[in-house]
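# 3D model of this:
(chains A, B, C and D)
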Amino acid sequence: MTAKTFQMDGHDVPFEEGQSILAAALAAGSYVPYLCYHAEFKPHGSCKVCTVKVNGRTQASCTTPAREGDVVESNVDELNELRKNLVQFLFTEGNHFCPSCEASGGCALQAVGYELGMTTAHYSPLFPDRPVDASHPDVLLDFNRCILCELCVRASSLVDGKNVFSLSGRGITKHLIVNAESGKLADTTLSVEDKAMSVCPVGVILRKRRGFKAPIGERRYDAHSISEVAVAHPEDEAK
Amino acid sequence: MTRAAVEIPTKKKLRVATTSLAGCFGCHMSLLDIDERLVPLLELVELDASPLTDIKHPGPCDLGLIEGGLCNADNVRMLRVFREQCKVLVAMGACAINGGLPAQRNHLDIRDCLQTVYLSGHGVERGFIPNDPELPLPLKQVHPLHDVVKIDYFLPGCPPSAEAIWQFLTDIIAGRTPHLGHGLIKYD
Amino acid sequence: MHSPLDTAEHPEKLRRVVIEPVSRVEGHGKVTILLDDQRKVHQVRLHIVEFRGFERFIQGRPYWEVPVMVQRLCGICPVSHHLAASKALDAVVGARTLTPAAERIRRLMHYGQILQSHALHFYHLASPDLLFGFDADPRKRNVVGVLAAYPDIARQGVLLRKYGQECIRVTAGKRVHGTGSIPGGVNKRVTAEERDELRRPLSDIRAWAQAGVALVTELHEHNRDLYEQFGTVKSSLLSIVGRDGKLDLYDGVLRARDAQGAIIFDGVEPKDYHVQLRENVRSWSYMKFPFIVSRGPEEGWYKVGPLARIQNCDAIGTPLAEAARQELIADSHGAIVHAPLVFHWARMIELLHAVEVIEGLLADPALLGDELVASGPRARTGVGIIEAPRGTLIHQYEVDEHDLVTMCNLIVSTTHNNQAMNEAIRQVARQHLDGHEPTEGLLNHIEVAIRAFDPCLSCATHALGKMPLAVEIVDAQGALVERLVRDGERL
Amino acid sequence: MALNLSAIVARHGGDPSRLVQILRDVMDAEGHVAPPVITALASTLGVSRGQVEGVVGFYSFLDSEPRGKYRVLFSDNITDELSGGHELRQRMLDAFRLELGEVSRDGLVSIGATSCTGLCDQGPAMLVNGRAIARLTPARIGAIASLIRGESPMDQWPDNLFVIDSHIERKDLLLSTPLSPGEAIDAAIARGAAATIDEIARSGLRGRGGAGFGTGQKWAACAAAHGGGPAERYVVCNADEGEPGTFKDRELFAHYTDLVLEGMTVAGFAVGAQKGLIYLRAEYPFLFAPLLAKLEERRRAGLLGRDVRGARGFDFDIELHIGAGAYVCGEESALIESLEGKRGIPRNRPPFPVTHGYKQQPTVVNNVETLAVAALIAKHGADFLRAVGTAKSSGTKVLSVSGDVARPGIYEYPFGVPVARVLEDAGARDTQAVQVGGPSGILLGANELGRRISFEDVPSAGAFMVFDTTRDMLAVVENFTRFFAHESCGFCTPCRVGTTLSAQMMKRLVAGKGSRRDMKDLAKVTQIMKASSHCGLGHTAGNPVIDALAKFRPSFDRKLRSLDVLPTFDLDEALAPAREATARDDAEAHFNEEES
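You can find the predicted model right below:
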């Protein structure tokens, strides 16, 4: 029995029933940029960076199940331009000061920006006011860098069973909140062993007093680009 | 010390002006970090206004490299002079591109910033906020260059590496569209 | 005592000459000069015109971010800020003593920085004045001109700087704004390969550094009167010295001498700096004016930087540099030297010293150790003082129980020299401008004096910025009569 | 106003899916939902605190911080704006010396803006503590300000303030065919469920909410879901009429209540549902009590409840849910999320609501008008509808006509009616443009008035806003971009950021401070939203901009200055705080006009 396949950028990509286009592509060694996807969680498709064209229609590849015979375009100028714009949107919306960010070099947002050749966020930055939460003895939350991927929300709810994180607000005021009347992380049950501690693709959820321990050259995306890392260890990357 | 014969070059060189607005000069340092390649570069490039020369205001130039964001009124005025004079204008480095670290004051009230530094500053005696007309006033927020003028190219990094700057300049000199290949785009 | 040229009695009746931006310095500043109808100078001020507010927005940030963040005060001496902040935060994380490897790696980073910055300042920025003359053709009075006229000197300058930058890259991860130093130590070990790579060019580097000292000595001897008189104003001196009294640019205690060389204070621990130093604010500069408390704001100002350091210490611990220092002392027959142009000489002696220190560090097996971080009982505050290339640099932080910075105070090298630079340019104005129509060449004299201090106006703009030159002549009503743009070829 | 939280929770059966309703009740009782109340609610309902806080933060009419004792919200639709709403709003702000969105220091009053309140035929309009007041005039504003100052309880305010007029100007098939309660249900029961669905399908009835999906097809899919086997099926009436410029559902519920409820019941019978849910927007508080009374009346008449109309086993009842101020909940899957007590975030599809809808059960979501028409088809048969309209758009369309017309109101026409005909009937003169279907619809220029309202040509959910030649079309589009920025749910990147950037750029352009780059970027941003947004809101948010750029280019060009790029911020104003701190006012402390 031959495996089911769809076509992506002219190559056959095998997939298992129920697998998304993104998961199948990554498993087959074809990189599609993404930010809010994580192999361990049900995809929800909010960042839209993984948008591909399926039979001519743009769709988020993480939430679109692969189907036999689909013709998928991914690594084409039009879509890469679209993705670059979405990454520019994210940079415009938050306060992404890479030069002093301890996640720099290991940050997926930054690495996808590199991958897509982004040299500027282009739009007029919004410079939102997002105070940090340092109340927890071992964890710092720097909301300035949040891209609202909800991976921490999902990890805390589904793996840790704690619901430490939620979202509030709407539109451009949507923001991450913690599950405490004080609004402070210290008043939640978060612990450093939680899954939610390890899923943030950017620099929001940080172990305190660990910043800059990894020297330049040894950070996650220093030696290899995110496209190489993501297809070399798709499961690992998703973690 | 041996003194070589000085030749005032006559060949048409690429005329380049550089400046630092609300920057730290790190981008200029990175430009100097091309090291020995400065020699061949300066055979192809004529420096106009720049922190490295005594030309204080740019004349008509082929290329303007600007480091630093817009922090005060003077920055805005100087940027506009550069835009008028330079055919191609480049935002060099994080500050020029997104305000950079100085933009971390953007969520603060500038009045409060000034007060903290000059009135309640540690070890300050008889403090007050400097208010002489010689001093340019700070803007409410720090802005990237493209908030005020058209920018032709963005050269990211804090600072962009010497390799990135070299690649960019050699592309421009050769008349190519500058392209930062893999590993040369960095935001930190 | 402030010179009378600080503030004119009737500024509204005077014409205003502006040098903006001051060029071939690191940063943004401008000079204004007020003259009367007889071209007599009534007021001269160096304004630091930019305000960046680092001290404020660092508040609320986690302390471990600070050493990386504060580097953006200055791209010319980022390592100085990187290390001064790290040292202050060493105290916060309780790292009373660094591991041997961390201590050496930081020193390698720092002396690499001294080397590259001094090379930059002398060869790329200041040497055109000294080699071509203060009023030489402004079109060639720059590093490009030096490259054309003195290719060997320029090339040595470029390579000396490169070497210093490589020391930084190896220890900090990149040449400008690395991340190598962290509270309690460093994050990156030095490998044997990296060490060997740095050792390879050392003999050339040493030779060029010696040639540099020889060059300034020669320049000084060729024009002794100018070098000794130009902008010379007496003041106190401040620096840190090693606990053994020798020159130490990375660590030590504060020592101040008066203009004659008598000790004002000595052995002051960094954490007690505020007992000895306070700051004043003037309306016309975003840069503050520090002074020695015991002398008061009027007379307590002082010089920092190479010239202060090599006269403040008891000796330099490396032989070549100490020999050069003795030569300088002998030249003035042991009297304290205050001449700004002699800063260049002192600077080259320190450059040579930096090469020697680096040589020693590279020969020290402890440099390759892999124990990088120390810690101990936490503290709420920390002060880090280091001798940056252009002078004493003070960083002070308070960190709360949540690890956030609640207070930041920075006194950067250039700020210490604020009054001294102002006094020097007033002196130059008296010596060279009084009664003359201010030409481009004459105005460059002002800048030459500023450059001698190697001001890092970028640093100074945690409250600052840049220096071109335009001369605006206004009539008594303040209307613009004439505008001379001191713009090199477009004057 | 002591808060009896347990009583409120008990009233809703302690059901977490009623969270939005519970929070509305808390708002009514206390004016805001305080953090301790959120904590208490979460623990009582057994959900995470973050979920409750997230819901409070999502809906416009729920606040976690105290607003004024009198919460005044001015409707900010373009029709309100054109009829002087902004001036009246300013008058009221001035009266209380407040900034927009501010609460007075004594906590007496807060004045803000809200999206279209569906009173476009009688604007400008406002909501005070959720109660709608239309036909605002300076005199009314003055009266309201006095009442507030006097802290007069709202139930003692003059009744005439709260009168909502009805302007049904033209009736056609739907609005003029009488139906006695129970007639359609009886017909459906007689025909049988499957045959009723067939009849609906054969009629060509398409959803009146705008998308035009075949109603029969939808019902059939729901009935067949889970293999047609046992499931809890639901019929949801989407009365979250949030599209600015539309108010036809308001009139249908006010005057054709039985017809709508009859349609729901028919749908329930056809798909095998036992429960119907009405999701009614919060902006129509004047409909709540009559509707609840009508439901009770129908229960008493055997039109709802067990064995409806005597049909054994056909148990069907209808529950009323009120929204809390979120346009996106008009999207059917967001509406379902909201019905379940959550933030109104559109779901990923597939699966579709017809198989996995409310509580993951097969669910039909239909527009108010669709259900009303369905009732008539059940009674009169498919051909009744097919007889009017066009080939692919059978039947009629109820339009909400507002803006620059002599007679704003409700107009029903057979599909295929030319736009010009509507304009003529409504008394429009010198028409410059018509926005059909609201901001997410189509903007027609004066040369397109021959186009026809139909799924084949110009589809419409009902809004029909008219702009005469005196209007600045840029200001119109700017209002729309502001609307979308306010209403984006924020789930996906393109819509969350794109709507905000569009609104900023349009604001600059309208103020004459925009640049060619802004125009280029506007086109780009709208394209990105269209291509990659998660739901219809984002897909259509750029429509007015795209249409205006194509059709009203001169309006843009007139406002552009010649520079390619202009500052994105006001330079001189950016120096104001530093001027204040330094007490400077010299020339150098300003950007002169030329520089700015």
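# Next to chain A, which bits of chain B? Give me the list.
For chain B, the contact set with chain A under Cβ under 8 Å from any Cβ of the partner chain comprises B:91, B:94, B:97-101, B:103-104, B:106-107, B:141, B:144, B:146-147, B:151, B:153-156, B:158, B:180, B:182, B:185-188. No exception for glycine: its C-beta is placed from N, CA and C like everyone else's.
# Let me see the contact set for the closest residue to D:N129 other than its chain neighbours.
Using Cβ to Cβ, 6 or more residues apart in numbering or on different chains and skipping the chain neighbours, the partner closest in space to D:N129 is D:R71 (5.4 Å). With contact set as Cβ atoms under 8 Å, 6 or more residues apart in numbering or on different chains, D:R71 has these partners: D:31, D:109-110, D:112, D:127-130.
# one more time with 10 Å, if that's ok
Residues counted as contacts of D:R71 (Cβ atoms under 10 Å, 6 or more residues apart in numbering or on different chains) are D:27, D:31-32, D:61, D:63, D:103, D:109-112, D:127-130.
# Now do it against D:R24, distance only.
To D:R24, D:R71 is 13 Å away according to Cβ to Cβ, to the nearest Å.
# Then C:D225?
Distance from C:D225 to D:R24, by Cβ to Cβ: 89 Å.
# The two - which one has more neighbours?
The neighbour count for C:D225 versus D:R24, taken as other Cβ atoms under 10 Å in any protein chain shown, is higher for D:R24 (23 against 7).
# Of all the residues in the helix or strand containing that one, which ones are buried?
Using DSSP states H and E, D:R24 sits in helix D:19-30. Neighbour-count burial for helix D:19-30 flags D:19-27, D:29 (criterion: 16 or more other Cβ atoms under 10 Å in any protein chain shown).
# coming back round to it: just the ones in helices from the contacts of D:R71, please.
D:M27 (DSSP state H).
# could I get the contacts of D:R71 as a markdown table with pLDDT?
As requested, these are arranged in a markdown table below (pLDDT from 0 to 100):
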| residue | pLDDT |
| --- | --- |
| D:M27 | 95 |
| D:G31 | 92 |
| D:H32 | 95 |
| D:F61 | 96 |
| D:D63 | 95 |
| D:V103 | 96 |
| D:V109 | 97 |
| D:S110 | 97 |
| D:I111 | 97 |
| D:G112 | 96 |
| D:L127 | 97 |
| D:V128 | 97 |
| D:N129 | 94 |
| D:G130 | 93 |
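# most neighbours, which of the contacts of D:R71?
Tallying neighbours with other Cβ under 10 Å puts D:I111 at the head of those, with 26 neighbours.
# got a list of what it touches?
Contacts for D:I111 (Cβ under 10 Å, 6+ apart) come out as D:67-68, D:70-74, D:89-90, D:92-93, D:95-96, D:98-104, D:126, D:148.
# which residues pair with the residue nearest to D:N129 across the strands?
Assessed by DSSP bridges, D:R71 has beta-bridge partners D:S110.
# Could you pull up the residues touching D:L62?
The contact partners of D:L62, by Cβ under 10 Å, 6+ apart, come to D:20, D:23-24, D:26-27, D:32-33, D:55-56, D:282, D:324-326.
# do D:R306 as well
By Cβ under 10 Å, 6+ apart, the residues touching D:R306 are D:274, D:299, D:312-317.
# Could you point out which of those is nearest to chain A?
Chain A lies nearest to D:Q274 out of those, by Cβ to the nearest Cβ, at 30.0 Å.
# I'd like the next helix or strand past the helix or strand containing C:V428.
Here C:V428, judged by DSSP H and E, is contained in helix C:418-428. Using DSSP H and E, the helix or strand that follows helix C:418-428 in sequence is helix C:440-452.
# For chain B, list the residues in contact with chain D, please.
B:70, B:72-74, B:76-77, B:80, B:83, B:109-115, B:118-119, B:128-141, B:143-144, B:146-151 (Cβ under 10 Å from any Cβ of the partner chain).
# The same query, at a cut-off of 8 Å, please.
Within chain B, the residues that sit near chain D (Cβ under 8 Å from any Cβ) are B:73, B:76-77, B:80, B:109-111, B:114-115, B:129-131, B:133-134, B:136-141, B:143, B:146-150.
# how close does the residue nearest in space to the middle of chain C get to C:N417?
With distances taken as Cα atoms, centre = their mean, C:R390 lies nearest the centre of chain C, 1.6 Å away. C:R390 sits 8 Å away from C:N417, going by Cβ to Cβ.
# Which neighbours do the two have in common?
Common neighbours of C:R390 and C:N417 (Cβ under 8 Å, 6+ apart) are C:304-305, C:453, C:455.
# Return the member of those nearest to chain A.
Looking across those and measuring by Cβ to the nearest Cβ, the closest to chain A is C:P455, at 24.1 Å.
# doesn't C:H416 make contact with that closest one?
No. Under the criterion of Cβ atoms under 8 Å, C:P455 is not in contact with C:H416, lying 10.4 Å apart.
# re earlier: out of the shared contacts of C:R390 and C:N417, give me the one that has the most neighbours.
Tallying neighbours with other Cβ under 10 Å puts C:P455 at the head of the shared contacts of C:R390 and C:N417, with 32 neighbours.
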